[in-house]
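Chemist: here is my input; please provide its structure:
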Amino acid sequence: MTRLLDFDTPSLVSLLPREAATALRQAATMVVHGDGALIFSRGDARPGLSLVRTGAVQIGNPGIDGSFVVTSVLGPGQCFGEMTLFGNLPRTHDSVAVGQTVIDHLTPTAYAAASAAHPAINQAILGMMARRIYALLEFSDDLRRLPLIVQLAKTLLRMASAGSRGTAVQANQEAIAATLGVSRVAIGTALATLEGQGLIKRGYGRVAIPDRAALQQWVADRTMLAPIDG
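Modeler: Below you'll find the predicted structure:
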């Protein structure tokens, strides 16, 4: 599965003690969704927290050209719907199953009972939401201030998985373009420029970063702000 920008937030389950994670799942209603099934749609006001058990969920909205513009892809242990639960707000995006996907849905009543018994649940949710907001603020600032090629470099660093001699991003150009909300042609041009400077190496469905430190320094020289490691 292509990994898109997910704002680098840890999964909710990874932040919870085992007994709290078990209690959360036991309080939920498990629902199986087939590949491509619409789990929730934009504007849906039904409150509740959804926890991915297996499979994956694409979060996004239809584009003007009819395509589905993906904002993020959530995997096992990650959750969505917290704004409906805590803010009584309607959903801002569609959520669509990728492959057969099992979701644990918690109503406000079920969540309240589980979190009352295990206060660590609320603390984990707050930490996860704070990280999402933090990353969104950084991402929003990038979109306003930085040229596309610098945004791309920062995104590659964010998406990269650590390797023994370097790093690599397992994603094709279309997925990266969707992450930044630009055309595939624009991303292809920017990738070619970074490759020409020896900062990346393109492959089939992947982008290798031979020297992560070199790319980080290249970004730092062009952002005009001191980097922050969140």
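Chemist: which intervals of the chain have sub-threshold pLDDT?
Modeler: 1-9, 161-166, 225-230 (pLDDT under 70).
Chemist: the strands in it, which residues?
Modeler: 29-33, 38-40, 49-62, 68-74, 79-80, 94-106, 161-162, 167-169, 201-203, 206-209 (DSSP state E).
Chemist: tell me the domain ranges of this protein?
Modeler: Domains of the chain are assigned by automatic domain parsing as 13-140, 146-223.
Chemist: mean neighbour count added to the ones you listed, as JSON lines?
Modeler: Every residue, glycine included, has its C-beta placed from N, CA and C. Below are the domains of the chain laid out as JSON lines (neighbours: other CB atoms under 10 Å):
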{"stretch": "domain 13-140", "mean neighbour count": "17"}
{"stretch": "domain 146-223", "mean neighbour count": "16"}
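Chemist: hmm, residue 85 is touching residue 112, no?
Modeler: No - checked against CB atoms under 8 Å, the pair residue 85 and residue 112 is beyond contact range at 9.4 Å.
Chemist: could you pick out the longest helix of this structure?
Modeler: Ranked by residue count, the top helix of the chain under DSSP state H comes out as helix 120-145.
Chemist: now it, how far from the centre of its chain.
Modeler: Helix 120-145 sits 11 Å away from the centroid of its parent chain (CA atoms, centre = their mean, to the nearest Å).
Chemist: residue contacts, residue 74?
Modeler: 6, 52, 56, 57, 59, 80 (CB atoms under 8 Å, 6 or more residues apart in numbering).
Chemist: repeat that for residue 11.
Modeler: Residues near residue 11 by CB under 8 Å, 6+ apart: 75, 76, 77, 78, 79.
Chemist: go again using 7 Å as the cut-off
Modeler: 77, 78 (CB atoms under 7 Å, 6 or more residues apart in numbering).
Chemist: roughly how far does it sit from residue 21?
Modeler: Distance of residue 11 to residue 21, computed by CB to CB, to the nearest Å: 10 Å.
Chemist: repeat for residue 197
Modeler: 45 Å.
Chemist: what do you get for residue 52?
Modeler: For residue 52, the distance to residue 21 - CB to CB - is 13 Å.
Chemist: what's the answer for residue 189, then?
Modeler: 44 Å.
Chemist: also residue 91?
Modeler: Residue 91 is 24 Å from residue 21, by CB to CB.
Chemist: now do residue 210
Modeler: 38 Å.
Chemist: then residue 103?
Modeler: 15 Å.
Chemist: next one: residue 15
Modeler: 9 Å.
Chemist: quick one: list the elements packing against the longest helix of the chain.
Modeler: helix 18-27, helix 108-117, helix 148-159 (3 or more CB pairs under 7 Å, 6 or more residues apart in numbering; DSSP states H and E).
Chemist: for residue 41, which of those is the nearest?
Modeler: Among the helices and strands packed on helix 120-145, the nearest to residue 41 by CB to CB is helix 108-117 (19.4 Å).
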